[in-house]
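# test case, fold it:
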Amino acid sequence: MKNLKKSGNIIFIICAAIILIAILVVNSIINQKETESFLTGKHYVEMTIQDYGTIQLELDADVAPITVTNFMNLVQDHFYDGLTFHRIAKNFVIQGGDPNGNGTGGSKNTIKGEFASNGVANSISHVRGVISMARNGNSNNSASSQFFIMLDDNTSLDGLYAAFGKVIDGMDIIDKIVEDAIIEDDGETVLKENQPVITTARVIDEEK
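Next up, the predicted model:
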């Protein structure tokens, strides 16, 4: 009887292990397909900013596939939910996506910089409404989660930063955030308690 019980336990453990492995394999396949789906074409993200409203982003994976895939994966993982815009430079950029809220943080991954000075052609110019990736100025391949949105045209950034899309709805909301911003020190830093909060960011490809 004990042997039968022991055998039953072993069979149960083996079956549970097989089910767990199957679940992991299926999830891996799904995640791989989702990642592959972001490597081409246009993709869309809706970002809601607390007390202000919602902006919509159109991202171009045909121009910057690595950058778009990284951003979309972070959105799907809810990485940006609750993060802030920590830097607001009037007539230049609004920057966010840093979990530290001070320009020093990022996600667990860094990506290749998709811009001309890093050997990658990028046809998106840094004009008003364009979204681009922030990076460590000393490293072309240090972009992670921080991004900036252009408040005005500044084509001097072309070839130096990975632009990967644009705001297609809600630049009036961005302008209102900038207008209301309480800016410190050299005219760019926003103290933690005054930083506009990204309540949610979500993929809306299926709605387009």
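# C-alpha from now on. contacts and neighbour counts both.
Will do.
# any idea where the helices of the protein begin and end?
Secondary structure of the chain by DSSP state H: the helices cover 2-37, 65-76, 171-180.
# contacts for the second one, please.
Helix 65-76 is contacted by residues 35, 38-40, 45, 59-61, 80, 111-114, 133, 144-145, 162, 164, 201-203 when judged by CA atoms under 8 Å, 6 or more residues apart in numbering.
# now residue 157: how far from residue 60?
Plainly put, residue 157 is 18 Å away from residue 60 if you go by CA to CA, to the nearest Å.
# between those two, which is the more surrounded one?
Regarding residue 157 and residue 60, a neighbour count based on other CA atoms under 10 Å identifies residue 60 as having more, with 23 against 15.
# what sits against the closest residue in space to the more buried one that isn't next to it in sequence?
The shortest distance from residue 60 to any residue that is not its chain neighbour, by CA to CA, 6 or more residues apart in numbering, is 4.8 Å, and that residue is residue 42. Listed by CA under 8 Å, 6+ apart, the contact partners of residue 42 are 58, 59, 60, 61, 62.
# and residue 206, how many residues sit next to it?
Look at residue 206: counted by other CA under 10 Å, it has 7 neighbours.
# also residue 114?
Burial of residue 114, expressed as a neighbour count using other CA under 10 Å, amounts to 26.
# roughly how far apart are it and residue 40?
With distances taken as CA to CA, residue 114 is found 14 Å from residue 40.
# kindly report the same for residue 127.
For residue 127, the distance to residue 40 under the criterion CA to CA works out to 22 Å.
# domain assignment for the chain?
The chain is divided into the following domains under automatic domain parsing: 1-37, 40-207.
# any idea how far the closest residue to residue 88 other than its chain neighbours lies from residue 193?
With CA to CA, 6+ apart as the measure, residue 94 is the residue that lies nearest to residue 88, at 4.5 Å, once sequence neighbours are left out. Using CA to CA, residue 94 is found at 17 Å from residue 193.
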